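Participant: just coords:
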């Protein structure tokens, strides 16, 4: 399994590289976030041995168990929380993670700010934007983004890094590019308005090329690295 993960990582990095070159971008401007939810700590360890450093988790309890199992690697791992975050789960995330991508309302950011330990660096956060307007998806509307982003940026012990989205799947690269383009344009508007943002978290295993072509700085890839997920447990 370690060799398989290593090979999959290489293949994903090559995909990112090709997309970046097609967009006239430096491949190093795109960070690969390996989404390890539902996969065991040993798979994270194998990916780390292959050179991967940033890992994304969706479920608080599962993630905390994994962080404990991998405590010996903590100094060289970057943990990103990317799943839906309920108010009653913010404290362990504020205390244990380096990033939170799924800040979908001001209340969550306020709780993370209050609960971030003062001895840790500021928690890096992204504002989740529902670019496709799907009822099933979390996130602020594009119209609400500027006001919410400014309020988050003013909070202590947080650092607002950028925007995140999980758009509707598209059948073609052009359909996939459209919502990513919308998020990038919003990102550029916020930067023009004075917010110091550097992160566009968008794109997954199936649409990372479209995301990189539209300016993603971080792509969240799970199945293309670790394989198909088994949710039965």
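Facilitator: Received it, and whenever you're ready, just let me know what you need. Quick caveat, the model's predicted, so the values are computed rather than measured. Numbers count the residues shown, from 1 in each chain.

Participant: Touching, residue 231 and residue 38? I think so.
Facilitator: Yes: using CB atoms under 8 Å, residue 231 is in contact with residue 38, at 6.4 Å. C-beta: built from backbone N, CA, C; applies to glycine.

Participant: between those two, who's got more neighbours?
Facilitator: Neighbours were counted for residue 231 and for residue 38 using other CB atoms under 10 Å; residue 38 has more, 18 against 6.

Participant: Surely that one touches residue 227?
Facilitator: No: counting by CB under 8 Å, residue 38 stays clear of residue 227, with 10.3 Å between them.

Participant: Please enumerate the helices of the protein.
Facilitator: Counting by DSSP state H, the chain has helices at residues 2-22, 41-49, 60-69, 90-96, 106-115, 142-153, 173-192, 208-213, 223-226.

Participant: Can you tell me which of those is most buried?
Facilitator: Compared across the helices of the chain, helix 208-213 shows the largest average neighbour count, a mean of 25 (mean count of other CB atoms under 10 Å).

Participant: What helices and strands are in contact with that one?
Facilitator: helix 2-22, helix 173-192, strand 218-221 (3 or more CB pairs under 8 Å, 6 or more residues apart in numbering; DSSP states H and E).

Participant: average pLDDT across the last one?
Facilitator: Strand 218-221 carries an average pLDDT of 98.

Participant: Need the contact partners of that strand.
Facilitator: The contact list for strand 218-221 (CB atoms under 8 Å, 6 or more residues apart in numbering) reads 12, 16, 30-35, 54, 56, 82, 101, 199-205, 208, 211-212.

Participant: Okay, buried residues for that strand please.
Facilitator: Neighbour-count burial for strand 218-221, counted by 16 or more other CB atoms under 10 Å, picks out 218-221.

Participant: so which of those comes closest to residue 8?
Facilitator: Of all those, residue 8 sits closest to residue 221, with 9.2 Å by CB to CB.

Participant: Just list whatever residues bridge to the closest one.
Facilitator: Here residue 221 sits in beta bridges with residue 34, going by DSSP bridges.

Participant: where's it relative to residue 50, distance?
Facilitator: 14 Å (CB to CB, to the nearest Å).

Participant: same check, this time on residue 94
Facilitator: Look at residue 94 and residue 50: by CB to CB, they are 30 Å apart.

Participant: quick one on the thing from earlier: export the helices of the chain to TSV and append columns for distance to residue 132.
Facilitator: As requested, the helices of the chain are arranged in TSV below (distance: least, CB to CB, whole Å):
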stretch	distance to residue 132
helix 2-22	21
helix 41-49	30
helix 60-69	26
helix 90-96	25
helix 106-115	21
helix 142-153	10
helix 173-192	6
helix 208-213	14
helix 223-226	21
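
Participant: Of those helices, give the one that comes closest to residue 134.
Facilitator: Smallest distance to residue 134 across these (CB to CB): 10.3 Å, for helix 173-192.

Participant: counting contacts, what elements does that closest one pack onto?
Facilitator: Judged by 3+ CB pairs under 8 Å, 6+ apart, the packing partners of helix 173-192 are helix 142-153, strand 158-164, strand 199-201, helix 208-213.

Participant: 10 Å instead?
Facilitator: With contacts taken as 3 or more CB pairs under 10 Å, 6 or more residues apart in numbering; DSSP states H and E, helix 173-192 sits against strand 123-128, helix 142-153, strand 158-164, strand 199-201, helix 208-213.

Participant: now the ones you listed as CSV including mean pLDDT and distance to residue 113?
Facilitator: Shown next, in CSV, are those (pLDDT from 0 to 100; distance: least, CB to CB, whole Å):
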stretch, mean pLDDT, distance to residue 113
strand 123-128, 98, 8
helix 142-153, 98, 8
strand 158-164, 98, 5
strand 199-201, 98, 18
helix 208-213, 98, 28
